[in-house]
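[1] next input, structure requested:
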Amino acid sequence: MKLGLQLGYWGAQPPANAPELIAAAEAEGFDAIFAAESWGSDAFTPLAWWGSSTERVRLGTSVVQISARTPTSAAMHALTLDHLSGGRAILGLGVSGPQVVEGWYGQPFQKPLARTREYVSIIRKVLARQEPVTNDGPHFPLPYTGPGSTGLGKPLKPITHPLRDDIPIWLGAEGPKNVALTAEIADGWLAIYYTPRLAPMYNEWLDEGFARAGARRSREDFEVAATCQVIVTDDRAAAVAGLKPITALYVGGMGAPELNFHAQVYTRMGYGEQVEEIGRLFRAGRKEEAAAVVPDEMVTETMIIGNLDEVRADVKRWADAGVTMLLVTCHDADHVRQLSSAVLG
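    Numbers count the residues shown, from 1 in each chain. Take a look at the predicted model:
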């Protein structure tokens, strides 16, 4: 099992202790550090700035939103970061949701799978640098010849030669079709709210993608990086209670009532009634009541919480289910060291 430090996206201000966390993660054997974005800070700049003090850890985005940049722009970011880091970049991509895509980026959300396939294909053409990049697809036509075009668009290939012509691309995916697409076209899966209990179901989705003609990877060389809060504690009940408001936020508040991917994940786990009630209370502003509806199992299924022996046993269970990396958040350097000892030994 590998560990990835998830720095996430910024709140009202940048996190003050990120350099401390990153230095500890590198020293303690973490495999990678990741940055995310929502509608505030971006994911690439923190990796370039803070990652400049590192020498070994991989630098990944988990995730950047495909509606935030054209595919050629995302490829430029990735090849630049890969050069600056000496070949340590991981490009993690995700579709986000309609509230952000249409409300923040001003773009239609429809056909997210088709857009993702086209987006990744263009990035790979840019990085391969074999010929000027063109694309006939409807979502990201290159050159653009549609309404308002001058007709002067020219196929181009990057001026800068990529350090690696095949930077790893991981996809954030939650539903069956998206996970199958991830196994087909990507190098890794960024899984959120993963539960080992449903590993057979996830494996069916992944195997569908691996079996498709032209699939890039097989299970043997495909990475599964699962976001997982790991807490070493002798007071498991208190830790679980403290995490229920976060679960309620994502289930009830991070997405439209008509389309909340996080809520769908928990519904697939069998918590449909609770998901509906959490959403109703959260949207009514009754956040504490929404958190109270969250059963312990909704937390403990998707996180690892317990004393040292229990944590180590659960880490093995997650590894046996097919997870190759745990993406963890840490409060300080001592927390980084604690998780390194517990997970990596």
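[2] in the stretch 201-345 of the chain, which segments are predicted with low confidence?
    Along the stretch 201-345 of the chain, the parts satisfying pLDDT under 70 run over 255-259.
[3] where do the helices sit along it?
    Using DSSP state H, counting those that start in this stretch, the helices of the stretch 201-345 of the chain run over 236-253, 261-269, 272-283, 287-293, 296-300, 308-320, 333-339.
[4] for the first one, give me every contacting residue.
    The one in question is helix 236-253. 229, 231, 233, 260, 262-263, 266, 275, 278-279, 281-283, 287-288, 290-294, 296, 298-300, 303, 305-307, 310 (C-beta atoms under 8 Å, 6 or more residues apart in numbering). C-betas here are computed from N, CA, C, even on glycine.
[5] mind listing what's buried in that helix?
    239-240, 243-244, 247-253 (16 or more other C-beta atoms under 10 Å).
[6] reformat the helices of the stretch 201-345 of the chain as a markdown table; add distance to Val101.
    Listed next are those as a markdown table, based on distance: least, C-beta to C-beta, whole Å:
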| stretch | distance to Val101 |
| --- | --- |
| helix 236-253 | 17 |
| helix 261-269 | 12 |
| helix 272-283 | 20 |
| helix 287-293 | 25 |
| helix 296-300 | 27 |
| helix 308-320 | 31 |
| helix 333-339 | 34 |
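[7] nearest to Ala18, of these?
    Ala18 lies closest to helix 333-339 among the helices of the stretch 201-345 of the chain, at 11.2 Å (C-beta to C-beta).
[8] packing partners for the closest one?
    Applying 3 or more C-beta pairs under 8 Å, 6 or more residues apart in numbering; DSSP states H and E, we find helix 333-339 packed against helix 18-27, strand 230-232.
[9] again, only this time at 10 Å
    Packed against helix 333-339, as judged by 3 or more C-beta pairs under 10 Å, 6 or more residues apart in numbering; DSSP states H and E, are the following elements: strand 2-6, helix 18-27, strand 230-232, helix 308-320, strand 325-328.
[10] got the CA coordinates for it in CSV?
    Extracted C-alpha coordinates of helix 333-339, given in CSV (Å, rounded to 0.1, in the frame of the first residue of the first chain):
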residue,chain,number,x,y,z
ALA,A,333,3.8,16.7,10.6
ASP,A,334,3.2,14.5,13.6
HIS,A,335,0.1,13.2,11.9
VAL,A,336,2.1,12.5,8.8
ARG,A,337,4.6,10.5,10.8
GLN,A,338,1.8,8.7,12.6
LEU,A,339,0.1,7.5,9.4
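[11] hmm, back to that, nearest to Val64, out of the helices of the stretch 201-345 of the chain?
    Nearest to Val64, of the helices of the stretch 201-345 of the chain and by C-beta to C-beta, is helix 261-269 at 16.7 Å.
[12] can you tell me which of the helices and strands packed on helix 333-339 is most buried?
    Highest mean neighbour count of the helices and strands packed on helix 333-339: strand 325-328, a mean of 26 (counted as mean count of other C-beta atoms under 10 Å).
[13] which stretches of this protein form strands?
    2-6, 32-35, 58-61, 64-65, 89-94, 169-172, 188-191, 223-227, 230-232, 304-306, 325-328 (DSSP state E).
[14] can I get these in JSON lines including distance to Ala114?
    Formatted as JSON lines, the strands of the chain follow (distance: least, C-beta to C-beta, whole Å):
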{"stretch": "strand 2-6", "distance to Ala114": "29"}
{"stretch": "strand 32-35", "distance to Ala114": "26"}
{"stretch": "strand 58-61", "distance to Ala114": "22"}
{"stretch": "strand 64-65", "distance to Ala114": "16"}
{"stretch": "strand 89-94", "distance to Ala114": "14"}
{"stretch": "strand 169-172", "distance to Ala114": "14"}
{"stretch": "strand 188-191", "distance to Ala114": "19"}
{"stretch": "strand 223-227", "distance to Ala114": "24"}
{"stretch": "strand 230-232", "distance to Ala114": "36"}
{"stretch": "strand 304-306", "distance to Ala114": "36"}
{"stretch": "strand 325-328", "distance to Ala114": "27"}
